[in-house]
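K.L.:
Based on what follows, work out the 3D shape:
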Amino acid sequence: MSGNKSVLGNFLRARRAHVRPVDVGLHPADGRRVSGLKREEVAMLADISVEYYIRLEQGRGADPSTKVVRALARALNLDDVCVEYVNRLTGRVDEQRRMIPPEKTYIMRELLDTWAHIPAYITDGNLDIVAVNELMHSLSAGAISPGANAVVVHFAPENKRQIVNWEELAARGVATLRFLGDRSSARYDEIVRELSADQDFMKLWELHQVARPSDFDSHLRLDGIGEIQMRVHNFEVPSLPFHTMTTQSPKPGFEVLTTNSGARETAFA
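P.N.:
Here you go, the predicted structure:
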């Protein structure tokens with residue numbers, strides 16, 4: 001769990017930097033040199049010692065108790081998703097990681113292929129694509145395929161150019177990867193290393209934001225076609241923790257067009 005302690009420390013430090021004193025009822029004197037909270041202020045708000053809080057940020061000492069986690073949530077304005085993330089880092093939530101048996105992958109692919117008019121795919125906790133139907137594969141010009149990673153696909157140069165709201169969706173995808181990702185797996189480390197070569201990814205990764213998969217709109221501007229707006233829906237897979245099924249449909253007034261060159265559609269949960 002020592003690695004998780006370091007991750008927890010970085011998370012707390014990043015969250016502290018983004019909470020303004022006024023957000024938590026503090027009114028510091030003029031001339032303050034930092035925009036976020038000071039360590040002493042977090043400790044005071046959480047009713048813990050400054051020394052203990054410093055150890056938490058440094059990744060040292062005992063894991064915080066449930067009571068301390070709740071107190072830190074109040075002090076740092078953490079939402080339920082952040083609290084769940086912290087509880088997983090401290091080992092209080094069983095992550096229940098499961099691999100999909102090969103026969104189940106085949107069944108899921110057959111199921112998705114019955115949706116002839118609904119682009120769909122399924123990702124695991126690292127946002128690797130484990131199943132995709134033909135329509136989604138064709139719409140993405142093959143970019144969304146089993147074994148590919150949805151966040152890596154989104155950071156492809158073509159997507160940066162074609163997706164109008166790329167920055168918004170990139171922030172969402174990075175936060176989802178941090179929340180769902182299996183930090184104990186070599187694959188997770190491989191994905192982060194690959195993406196770390198991209199400065200846009202690193203700026204978002206260093207924010208330490210976390211998010212559950214949620215619905216969103218993707219707005220594309222394609223050469224020779226024009227603008228397409230897609231509504232993206234995400235559904236948790238109850239029998240497979242940390243897996244997400246993603247479907248896409250055109251917003252009213254827009255039509256899905258598939259060309260020989262294709263469009264690398266937004267591809268993360």
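K.L.:
show me where pLDDT drops low in the stretch 101-250 of the chain?
P.N.:
Low-confidence segments of the stretch 101-250 of the chain (pLDDT under 70): none present.
K.L.:
In what element of secondary structure is the spatially most central residue of the chain found?
P.N.:
Nearest to the geometric centre of the chain sits T176, at 1.1 Å (Cα atoms, centre = their mean). Assigned by DSSP states H and E, T176 falls within helix 166-180.
K.L.:
So which bits of that helix are buried?
P.N.:
166, 169-180 (16 or more other Cβ atoms under 10 Å). Just so you know, the C-beta spots here come from the backbone N, C-alpha and C atoms, and that holds for glycine as well.
K.L.:
Next: stretch 203-223.
P.N.:
Quick answer for stretch 203-223 (16+ other Cβ under 10 Å): 204-205, 208-213, 216, 218-220, 222.
K.L.:
Mind checking which of these land in helices?
P.N.:
L204, W205 (DSSP state H).
K.L.:
Need the max-distance pair from the buried residues of stretch 203-223.
P.N.:
Distances among the buried residues of stretch 203-223 were taken as Cβ to Cβ; the most separated pair is H208 and L222, at 33.7 Å.
K.L.:
in the stretch 101-250 of the chain, which spans are strands?
P.N.:
Assigned strands in the stretch 101-250 of the chain, in chain order: 120-123, 129-132, 216-222, 226-236, 244-250 (criterion: DSSP state E, counting those that start in this stretch).
K.L.:
so which of these is the most packed in?
P.N.:
Stretch with highest mean neighbour count among the strands of the stretch 101-250 of the chain: strand 120-123 (a mean of 26; mean count of other Cβ atoms under 10 Å).
K.L.:
Pull up the pairing partners for that one, direction included.
P.N.:
strand 129-132 (antiparallel), strand 244-250 (antiparallel) (DSSP bridges).
K.L.:
out of those strands, nearest to M108?
P.N.:
Taking Cβ to Cβ, strand 129-132 is the member of the strands paired with strand 120-123 nearest to M108, at 4.3 Å.
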